[in-house]
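K.L.:
sequence-free structure coming up:
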């Protein structure tokens, strides 16, 4: 599997990354997914301290035990779970980040994180304090690089402008092209995009035409627009899954396209689709079926 550099970081990740949020709770099943991913050349694994209130980090740590030197490990911080209370609160303070990273390291069973990401962000945050935390952790060698996971252009721009962040994780796919407007800004800042929602909640797989019937919309699409677009895409190609991956990876601003997998078979479907070569003319033609929306809110 090909690799790409995240920004100017010196960190090279597989074009397909594995989003670990949907891992099954069973450790042996999770290990089978990890083993298949690494065997296929996937070296990029992403989780967050929010997922299952930290349990996902622990599961990922156990599943990757003994293979730390083979992989690039990413996690996220900012959504603070308060013991004994439901839900979480947003906390991008330096004090919290400096403490939260210790818990993530313990759960992941490692002494460093390759890519530490702010898991959201608002314009009310003290961004200077947040960046100070990441820079301090980088200087200590606790993290190698840092980035942000956000779809808010104004938050992203401020974070990139004032920091040495190397990545922006954004929901991006053939069915949600809103991020494209901001790819030049991200590229000029020396950062890369990591895409989540690459398969658009399964709409860009063989199950897409059945799944769309149960959805009220997606991204900037209303229900009717979504049904029409999904129908057209599925009529245009028999290889929708492969198309979805190729569409994201045709962008040079994208370092890795994350895929989720709750089973080994789900992962293998994506790996097989990645290995299919899409004809560029077919890719260009189908790309024209999707509308170019823009973010309405949170603009710089």
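P.N.:
Nice, I can see it. None of these values were measured; they are calculated from a predicted model.
K.L.:
phi first, then psi, for the nearest residue to residue 217 once chain neighbours are set aside.
P.N.:
Excluding its sequence neighbours, the residue lying closest to residue 217 (C-beta to C-beta, 6 or more residues apart in numbering) is residue 223, at 5.2 Å. Quick note: C-beta positions are derived from backbone N, CA and C, even for glycine. Phi and psi for residue 223, reported as degrees, to the nearest 10, are phi -60, psi -40.
K.L.:
could you pull out the strands for the stretch 201-300 of the chain?
P.N.:
When secondary structure is read from DSSP state E, counting those that start in this stretch, the stretch 201-300 of the chain shows strands at 217-218, 221-222, 254-260.
K.L.:
which of the ones you listed sits most buried?
P.N.:
Burial of those is given as mean neighbour count (mean count of other C-beta atoms under 10 Å); strand 254-260 ranks first at a mean of 25.
K.L.:
partner strands of it, parallel or antiparallel?
P.N.:
strand 16-19 (parallel), strand 192-196 (parallel) (DSSP bridges).
K.L.:
and that strand, average pLDDT?
P.N.:
Mean per-residue pLDDT for strand 254-260: 97.
K.L.:
re the thing from before, okay if I get the strands of the stretch 201-300 of the chain as CSV plus distance to residue 270?
P.N.:
CSV is the format used below for the strands of the stretch 201-300 of the chain (distance: least, C-beta to C-beta, whole Å):
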stretch, distance to residue 270
strand 217-218, 19
strand 221-222, 23
strand 254-260, 5
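K.L.:
which of the ones you listed sits closest to residue 45?
P.N.:
Within the strands of the stretch 201-300 of the chain, the stretch nearest residue 45 is strand 254-260; the backing value is 9.7 Å (C-beta to C-beta).
K.L.:
so what touches that closest one?
P.N.:
4-7, 13-22, 44, 46, 167, 169, 172, 192-196, 198-199, 245, 248-249, 266-267, 270 (C-beta atoms under 8 Å, 6 or more residues apart in numbering).
K.L.:
again, only this time at 7 Å
P.N.:
If you take C-beta atoms under 7 Å, 6 or more residues apart in numbering as the criterion, strand 254-260 is touched by 4-6, 13-19, 21-22, 44, 46, 167, 192-196, 198-199, 245, 248-249, 270.
K.L.:
centre of the chain to that strand, how far?
P.N.:
Centroid separation for strand 254-260 versus its chain: 6 Å, with C-alpha atoms, centre = their mean, to the nearest Å.
K.L.:
quick one, which of the strands of the stretch 201-300 of the chain gets closest to residue 276.
P.N.:
That would be strand 254-260 among those, by C-beta to C-beta, at 14.3 Å.
K.L.:
mind giving me the PyMOL select for the contacts of strand 254-260, buried ones only?
P.N.:
For the buried members of these, the matching PyMOL selection, counting by 16 or more other C-beta atoms under 10 Å, is:
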select buried, resi 4+6+13+14+15+16+17+18+19+21+44+46+167+192+193+194+195+196+198+199+245+248+249+270
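K.L.:
could I get the strands paired with strand 254-260 as JSON lines with mean pLDDT and distance to residue 114?
P.N.:
JSON lines is the format used below for the strands paired with strand 254-260 (pLDDT from 0 to 100; distance: least, C-beta to C-beta, whole Å):
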{"stretch": "strand 16-19", "mean pLDDT": "98", "distance to residue 114": "12"}
{"stretch": "strand 192-196", "mean pLDDT": "98", "distance to residue 114": "12"}
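K.L.:
distance to residue 261 for these - can I get that in CSV?
P.N.:
Listed next are the strands paired with strand 254-260 as CSV, based on distance: least, C-beta to C-beta, whole Å:
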stretch, distance to residue 261
strand 16-19, 7
strand 192-196, 13
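K.L.:
residue 35 is nearest to which of those?
P.N.:
Of the strands paired with strand 254-260, nearest to residue 35 by C-beta to C-beta is strand 16-19, at 11.6 Å.
K.L.:
contacts for the closest one?
P.N.:
1, 37, 42, 44-46, 194, 196, 256-261, 270, 274.
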